[in-house]
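Colleague: Pasting the sequence and the predicted coordinates here, then a few questions.
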Amino acid sequence: MTVPDPAATPASVADAVAVQEELRSWVDLVGPGPAEPATVAGLDVAYAESGDLLAAAVTVLDARTLAVLDQAVSVGRPAFGYVPGLFAFRELPALLAALDRLTSRPELLVCDGHGFAHPRRFGLACHLGVVTGLPAIGVGKTPLIGTWAAPAAERGAWSALRDGNEVVGRVLRTRSGVKPVFVSVGHRMSLDNAVAQVLALTPRYRLPETTRTADRLCRDALAAARTAPPPERR
DNA sequence: GCGACAG
DNA sequence: ATCTTGTCGC
């Protein structure tokens, strides 16, 4: 009764911060998580330029062949303003709705954004992990917090992402000579395993195949939604 | 006080 | 995130 609904949308920035402070204790940062998951899900969201419409997508891939086995989308409106550090509240409702529409249960969630590498150690990947109870990792394209040394140029090279003296994630080179990505633990995963899974999902491109397939799906869903708007409700 | 700031 | 043209390179 005293635990807030982890999927509810806060009424203010202060409330949102309080929710994160409370939910962070539910995060499992040890894992180690599945070494060879059968299925891995990618989650992403696309926004209309107007900023009042979004489409969330989840794709479930065969972890071995990287073929898409299942997918689902959800169109809606951003649930919260864009505030760095409170990003999860914006996309969470739509992403959860899409997850509910899957016909399968993925063994790992790969989120487009950070997990533990967050000001309060509770980024989107942690939030999704705690709410779903599934192992989750965060893969960000740009940093939110932390300092790091440039990893070597070869694919697989990495360096620690630190916030002060604390290691909050890794800066990982997924393609030789290409800008690295920022990997951090979301839930029920070790950092080592998170990096291993990301490398397994990036045989050719900088971003995980999971993110790429989800990105295409939500973009297509958004385009379709703009062409045929959902019925008015009131 | 001044920047920085996932998507 | 999204808006945008050409351009360098495998």
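Modeller: Great, that's in hand.
Colleague: from here on, contacts and neighbour counts on C-alpha atoms
Modeller: Noted.
Colleague: Residue A:28: what secondary structure?
Modeller: coil (DSSP: H, G, I helix; E, B strand; the rest coil).
Colleague: Now do the same contact list for it.
Modeller: Listed by C-alpha atoms under 8 Å, 6 or more residues apart in numbering, the contact set of residue A:28 reads A:187, A:188, A:189.
Colleague: Closest to residue A:23 out of these?
Modeller: residue A:187 (11.8 Å; C-alpha to C-alpha).
Colleague: Pairing partners for that closest one in the sheet, please.
Modeller: Per DSSP bridges, the residues bridged to residue A:187 are residue A:136.
Colleague: any idea how far it is from DNA strand C?
Modeller: According to C-alpha to the nearest atom of the strand, to the nearest Å, residue A:187 stands 22 Å off from DNA strand C.
Colleague: same thing with residue A:47?
Modeller: Relative to DNA strand C, and taking C-alpha to the nearest atom of the strand, residue A:47 is found at 4 Å.
Colleague: List the residues that contact that residue.
Modeller: Residue A:47 neighbours (C-alpha under 8 Å, 6+ apart): A:53, A:54, A:55, A:222.
Colleague: Sort out for me which of those residues are in strands.
Modeller: In strands, judged by DSSP state E, the following of those are found: A:54, A:55.
Colleague: Show the buried residues in the contacts of residue A:47.
Modeller: With burial judged by 16 or more other C-alpha atoms under 10 Å, the buried subset of these is A:53, A:54, A:55, A:222.
Colleague: Quick check: chain neighbours aside, which residue is closest to the first one?
Modeller: Spatial nearest neighbour of residue A:53, chain neighbours left out: residue A:77 (4.6 Å); criterion: C-alpha to C-alpha, 6 or more residues apart in numbering.
Colleague: So what's the residue count around that neighbour?
Modeller: Residue A:77: 17 surrounding residues under other C-alpha atoms under 10 Å.
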